[in-house]
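Peer 1: task: produce atomic coordinates for the following.
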Amino acid sequence: MYPEGDEAHNNAEKKQKIIDQLEHGFELQKETIKSQDIKKDNDETFIFKKEIQQTHDLVEKVLSKIDVILTDSKYAGLNPDFKLKLESIYEKLLHLRKSTNIVKLRDISELALQKIGEIELKVVESNKDSESRDLLQGTNDLLKKL
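Peer 2: The predicted structure follows:
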């Protein structure tokens, strides 16, 4: 802490002052590290919450698209296998939509969007109307976001 020839070596009061300064410096350093850890945790939490919100928004859009396909008469002539797969995906998304498992939500949403894309492509090919093209473009945009 100090050289042997220093007068603080023999003075107990000066020794205590040096020790107190060292302890104070150590405490300041601990507080700085602790506040940096808290800031880092807060930043990570914010990013995680933002990502969850974006994923939940995506899931809601996918659910609404599936709901339109399952209820709209324009899609009445769809292959029953497609409808069953879509209903299965719809049920999974309903159960998981408030989940925080982003990877699982994105995987199921991506699968749903692929199925929706297949269905909408068939509808576009059969109808070739502008509304169907717009639906297909919306689905492709959502897939690109994933």
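Peer 1: where does the prediction get shaky in this protein?
Peer 2: Across the chain, the ranges flagged by pLDDT under 70 are 1-10, 123-133, 146.
Peer 1: wait, what's in contact with the residue sitting nearest the centre point of it?
Peer 2: The centroid of the chain falls nearest to Glu51 when counting by CA atoms, centre = their mean (2.6 Å). Residues in contact with Glu51 (CB atoms under 8 Å, 6 or more residues apart in numbering) are Ile102. The way it works is simple: take the backbone N, C-alpha and C, and place the C-beta from them, glycine included.
Peer 1: how much space between it and Ala112?
Peer 2: With distances defined as CB to CB, to the nearest Å, the gap from Glu51 to Ala112 amounts to 19 Å.
Peer 1: in three-state terms, label Thr100 for me.
Peer 2: Here Thr100 takes the coil state, with states given by DSSP: H, G, I helix; E, B strand; the rest coil.
Peer 1: enumerate every residue touching it.
Peer 2: Thr100 touches Ile52, counting by CB under 8 Å, 6+ apart.
Peer 1: any idea how far Gln21 is from it?
Peer 2: In this structure, Thr100 and Gln21 are separated by 47 Å, where distance is defined by CB to CB.
Peer 1: got phi/psi on Ala76?
Peer 2: With angles defined as degrees, to the nearest 10, Ala76 sits at phi -60, psi -30.
Peer 1: burial count for it?
Peer 2: For Ala76, the neighbour count with other CB atoms under 10 Å is 8.
Peer 1: just His95 next, same as before
Peer 2: As a burial measure, His95 scores 10 neighbours (other CB under 10 Å).
Peer 1: that one is in what secondary structure piece?
Peer 2: helix 80-96 (DSSP states H and E).
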